[in-house]
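Visitor: Below are the sequence and a predicted model for it; my questions follow.
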Amino acid sequence: MDRFDYLDRRRQAELNHADLAICPVEKRKHEEQARAYSKIISVLRREEEASLHAR
């Protein structure tokens, strides 16, 4: 669960940076990074659930 917490903190930090960004390019970059963290979290959770069901 620690890796999920870490990734979620990074995702939230990117969203915070996006909120503070003045430049639209920087804002988009941070939003894309936050989406990437969300996707990673989603995949890892699915893999974890699948491994629990396989047992």
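Guide: Here it is on my side, so go on. Numbers count the residues shown, from 1 in each chain.
Visitor: S42 and C23, how far apart?
Guide: Distance, S42 to C23, by CB to CB, to the nearest Å: 28 Å. Using the backbone N, CA and C atoms, a C-beta is placed for each residue, glycine as well.
Visitor: quick one, what contacts A34?
Guide: Shown in contact with A34 (CB atoms under 8 Å, 6 or more residues apart in numbering): R11, Q12, E14, L15, A18.
Visitor: Which stretches in this structure count as helices?
Guide: Remark: helices assigned in the chain by DSSP state H are 2-20, 24-54.
Visitor: Quick one: mean pLDDT for the first one?
Guide: If you average the pLDDT over helix 2-20, you get 95.
Visitor: Buried residues of that helix, list them for me.
Guide: Neighbour counts over helix 2-20 (16 or more other CB atoms under 10 Å) mark L7, R10, R11, E14, L15, H17, A18 as buried.
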